[in-house]
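Participant: Sequence and predicted structure, then a few things I'm wondering about:
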Amino acid sequence: MAERRAFVTGHPIAHSRSPKIHGHWLAKYGIDGSYQAIDVRPEDLASFLGSLSGSGLRGGNVTIPHKETAFALVDSRDEAAETIGAVNMLWLEDGRLWGSNSDWIGFAGNLDQYAPGWAANGPAVVLGAGGASRAVIHALKQRGVKDIRIVNRTLPRAKELAGRFGAGVSAHGADAVGGLLADAGLLVNTTSLGMHGDATLAADPGGLPDHAIVTDIVYVPLETPLLAAAKARGLKTVDGLGMLLHQAVPGFQRWFGRKPEVTPELRRMIVADIEGH
Ligand code: ATR
């Protein structure tokens, strides 16, 4: 069989860790395939996607800033893509370009691995109301979390999102966060606060009950200020790297025909990359 080929596109794309993740799995499973990073400028995305059939590429991942544009450009979308409103993986099928979103699978898979039973832990507080928040809320709904509280600096964005997801999802401004944490079982940060060692805390995990789990979708640094504060408070924490690793699983399975495992070995490799070893 001819070599199977897939890609990740974004702009910029040089620092994407996806080629390392997929390359690791291709070598581990002895698959005749390749996975390459392709930098595509926003104004060139439509022609790039239009040229896929006939290129020999089976599909690929889409990352910042192309997720919403790709959503609009694909021929068909699955339910997850429709609900989240963004596409992070593509494949060709019967001459049509399909788009899906596996970020929510990454989020749920990460918590399944490191905090089993998380979905039954009580109300969830989600910080942020952007694209990443939509994937997280979809995961929470899929796993049956009944009380989801979106907290955002800009309240109308939180309201728009709550309306989109319907029953069980409420919207709040940042000043309400203290009261919302008192009986929460899960706190999720989806904002870029905490990136680049920014010491600003959007929410104080001190106000959470003892059984609460705290997770951050930011994974550079691995221990964000929020996770450090939660750990100091004695709470269970899950860092965001597992979301990146687990979101890659459905794409690899689709393009290369085998469901890959997220192992400690893979995690160690990407941690070393993040820490610059
Ligand atoms: P993403 O796709 O990564 O979620 P986004 O759609 O730009 O990115 O959303 C960024 C989120 O981080 C938003 O919820 C944003 O809050 P606003 O809707 O009020 O803009 C939040 N965010 C970013 N910088 C922030 C800051 N300095 N303080 C509070 N919230 C911030």
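Facilitator: Received the coordinates, thanks.
Participant: Unless I misread the structure, residue 237 falls within a strand.
Facilitator: Yes: counting by DSSP: H, G, I helix; E, B strand; the rest coil, residue 237 falls inside a strand.
Participant: And it, how close does it get to residue 209?
Facilitator: Distance of residue 237 to residue 209, computed by C-beta to C-beta, to the nearest Å: 15 Å. Backbone N, C-alpha and C define where each C-beta goes, glycine included.
Participant: Compare the two (neighbour count), which wins?
Facilitator: Taking other C-beta atoms under 10 Å, residue 237 and residue 209 do not tie; residue 237 has more neighbours (22 against 13).
Participant: Thought residue 214 was touching that one, still the case?
Facilitator: Yes: here residue 237 reaches residue 214: they are 5.0 Å apart, a contact under C-beta atoms under 8 Å.
Participant: Now for those two: what residues contact both?
Facilitator: Between them, residue 237 and residue 214 share these contacting residues under C-beta atoms under 8 Å, 6 or more residues apart in numbering: 227, 230.
Participant: count of neighbours near the closest residue to the ligand within the stretch 51-200 of the chain?
Facilitator: Across the stretch 51-200 of the chain, the shortest distance to the ligand (C-beta to the nearest ligand atom) belongs to residue 130, at 2.1 Å. By other C-beta under 10 Å, the residues close to residue 130 number 15.
Participant: Enumerate the residues of the chain near the ligand.
Facilitator: 128-133, 152-154, 157, 190-193, 202 (C-beta under 6 Å from any ligand atom).
Participant: and the residues you listed, which are buried?
Facilitator: Burial of those was assessed by neighbour count (16 or more other C-beta atoms under 10 Å); the buried members are 128-129, 131-133, 152, 157, 190-191, 193, 202.
Participant: Among those residues, name the ones in strands.
Facilitator: residue 152 (DSSP state E).
Participant: my guess is residue 92 is in a strand, correct?
Facilitator: Yes: looking at residue 92 with three-state DSSP, it is inside a strand.
Participant: who does it bridge with?
Facilitator: residue 97 (DSSP bridges).
Participant: give the contact list for it.
Facilitator: By C-beta under 8 Å, 6+ apart, residue 92 lies in contact with 52-53, 57-59, 98.
Participant: now the stretch 51-200 of the chain, which segments are flagged as low pLDDT?
Facilitator: The model of the stretch 51-200 of the chain has pLDDT under 70 over residues 194-200.
Participant: Strands along that one, start to end?
Facilitator: With strands called from DSSP state E, counting those that start in this stretch, the stretch 51-200 of the chain shows them at 57-62, 76-77, 89-93, 96-100, 124-127, 148-152, 169-173, 186-189.
Participant: tell me which residues in the fourth one are buried?
Facilitator: Pointing back at strand 96-100 there. If you call a residue buried by 16+ other C-beta under 10 Å, then strand 96-100 has these buried ones: 97-100.
Participant: Please identify which pair of those residues lies farthest apart.
Facilitator: Maximum pairwise distance among these (C-beta to C-beta): 11.2 Å, between 97 and 100.
Participant: Now list whatever residues contact both of these two.
Facilitator: 90-91.
Participant: who's in contact with the residue nearest the centre of the chain?
Facilitator: Centroid-nearest residue in the chain: residue 103, 3.6 Å away (criterion: C-alpha atoms, centre = their mean). Residue 103 sits next to 84, 86, 88, 132, 135, 243, 247 when contact means C-beta under 8 Å, 6+ apart.
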